[in-house]
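J.: make a model of this:
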Amino acid sequence: MNDDLTPLDKAEAAAREAAVNSAAVQIALAAVELAKAAQAQPTRQPHHCEHQHKPRRSAGEWIGIACAVCVGGVGVAFASLALAILGGVAAIVVLVLRDMWRDMQRKGR
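T.: Below is the predicted model of the structure:
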């Protein structure tokens with residue numbers, strides 16, 4: 001089958017094969033260069049901190065914080081209850097005084 005090819009056809013087939021081979025060789029060389037570059041890069045070591053870290057809180061400290069928050073919450077609840085009572089008392093006093101003022105205005109005429 002190769003015998004009936006002309007010298008020009010043989011040269012063209014050889015050129016195609018050389019082009020394919022050179023592309024494969026170029027890809028292989030690029031892979032080798034990439035592997036060399038990957039090996040040449042230094043590996044990163046984990047960074048160690050130079051500053052001092054605060055010691056962690058103990059369980060007793062957390063319990064103390066929780067108790068302080070609870071006491072503060074109860075204090076805020078009592079304070080808001082006292083304000084509500086004070087508001088109610090103030091409203092009653094204002095209504096009584098207004099009623100007394102109206103009575104005095106009617107009797108004064």
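J.: any figure for the gap between residue 62 and residue 28?
T.: Distance, residue 62 to residue 28, by CB to CB, to the nearest Å: 63 Å. Bear in mind the C-beta positions are built from the backbone N, C-alpha and C, glycine included.
J.: for residue 54, that is, sorry about that
T.: In terms of CB to CB, residue 54 sits 56 Å off from residue 28.
J.: those two: who's more crowded?
T.: Per other CB atoms under 10 Å, whichever of residue 54 and residue 28 has more neighbours is residue 28, with 10 against 5.
J.: for that one, what is the enclosing helix or strand?
T.: helix 7-40 (DSSP states H and E).
J.: enumerate every residue touching residue 40.
T.: With contact set as CB atoms under 8 Å, 6 or more residues apart in numbering, residue 40 has no partners.
J.: from residue 33, how far out is it?
T.: In terms of CB to CB, residue 40 sits 10 Å off from residue 33.
J.: same question, residue 73
T.: Using CB to CB, we find residue 73 at a distance of 68 Å from residue 33.
J.: which strands and helices lie in contact with the following helix or strand past the helix holding residue 28?
T.: The helix or strand immediately downstream of helix 7-40 is helix 59-108, counting by DSSP H and E. Of the remaining helices and strands, none touches helix 59-108 by 3 or more CB pairs under 8 Å, 6 or more residues apart in numbering; DSSP states H and E.
J.: for helix 59-108, give the mean pLDDT please.
T.: Averaged over helix 59-108, pLDDT sits at 94.
J.: for it, the distance to its chain's centre please.
T.: What separates the centre of helix 59-108 from the centre of its chain is 42 Å, taken as CA atoms, centre = their mean, to the nearest Å.
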